[in-house]
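Chemist: fold the stuff below for me.
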Amino acid sequence: MITEFRIRMIADNDVNAVIALWERCDLTRPWNDPGIDIKRARSGSNAIILIGEHDGAIAASVMVGHDGHRGWMYYLAVDPTVQKKTFGLRMMRAAEDWLKAQGMEKVQLMVRPENEAARGFYQTIGYEEEPRIIFSKWLNDRH
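Modeler: You can find the predicted model right below:
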């Protein structure tokens, strides 16, 4: 069954609804201000935020960008009330298409190790786990 679902770029009046979606999906963290993340993604030409609308409401989102070498995806969210309707898959394919149009040949994303549901989803749609060690350093007073 095909469910009515439309994907488009985020608009100014969508920001609060997208942040609320991310919060419902437990994607936000105290050390990352989602409003700033959205503003940064929208300020350049190397990133976009796509949203998926279902029944007149924002039901899904994904932030996608690239560094000129590889694509990266963040904040894939599907409202818990409409999960399992292929919205996540459709958002990922739209993000992948955008990256291909930007000339990117590979996309990467990070998943917290304890997030088994996300890991299973990405494996189901063809993503492979690559063993890497990530180093980081806060450039401000946060720890």
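
Chemist: same for the longest strand that the chain contains, what does it pack against?
Modeler: For the chain, the longest strand by residue count, based on DSSP state E, is strand 57-66. In this structure, strand 57-66 packs against helix 15-24, helix 34-43, strand 47-54, strand 71-78, helix 87-101, with contacts taken as 3 or more C-beta pairs under 8 Å, 6 or more residues apart in numbering; DSSP states H and E. Quick note: C-beta positions are derived from backbone N, CA and C, even for glycine.

Chemist: among those, which is nearest Glu130?
Modeler: strand 71-78 (13.4 Å; C-beta to C-beta).

Chemist: other SSEs contacting that closest one?
Modeler: helix 15-24, helix 34-43, strand 57-66, helix 87-101, strand 107-109.

Chemist: give me the angle between the second one and strand 57-66.
Modeler: Direction vectors for helix 34-43 and strand 57-66, defined by axes from the mean of the first three to the mean of the last three C-alpha atoms, to 10 degrees, enclose an angle of 60 degrees.

Chemist: pull out the buried positions in helix 34-43.
Modeler: Judged by neighbour count (16 or more other C-beta atoms under 10 Å), helix 34-43 contains these buried residues: Pro34, Asp37, Ile38, Ala41, Arg42.

Chemist: of those residues, closest to Trp98?
Modeler: The closest of the buried residues of helix 34-43, once distances to Trp98 are taken by C-beta to C-beta, is Ala41, at 12.2 Å.

Chemist: identify the residues contacting the closest one.
Modeler: Ala47, Ile48, Ile49, Met63, Gly65 (C-beta atoms under 8 Å, 6 or more residues apart in numbering).

Chemist: include neighbour count and distance to Asp79 when you put those residues into CSV, please.
Modeler: As requested, the contacts of Ala41 are exported to CSV (neighbours: other C-beta atoms under 10 Å; distance: C-beta to C-beta, whole Å):
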residue, neighbour count, distance to Asp79
Ala47, 20, 22
Ile48, 19, 20
Ile49, 22, 16
Met63, 25, 16
Gly65, 22, 23
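
Chemist: which one of those is nearest Asp12?
Modeler: Ile49 (11.7 Å).

Chemist: wait, what's in contact with the closest one?
Modeler: So Ile49 contacts Met9, Ile10, Val18, Ile38, Ala41, Arg42, Ser61, Val62, Met63, Val64, Tyr75 (C-beta under 8 Å, 6+ apart).
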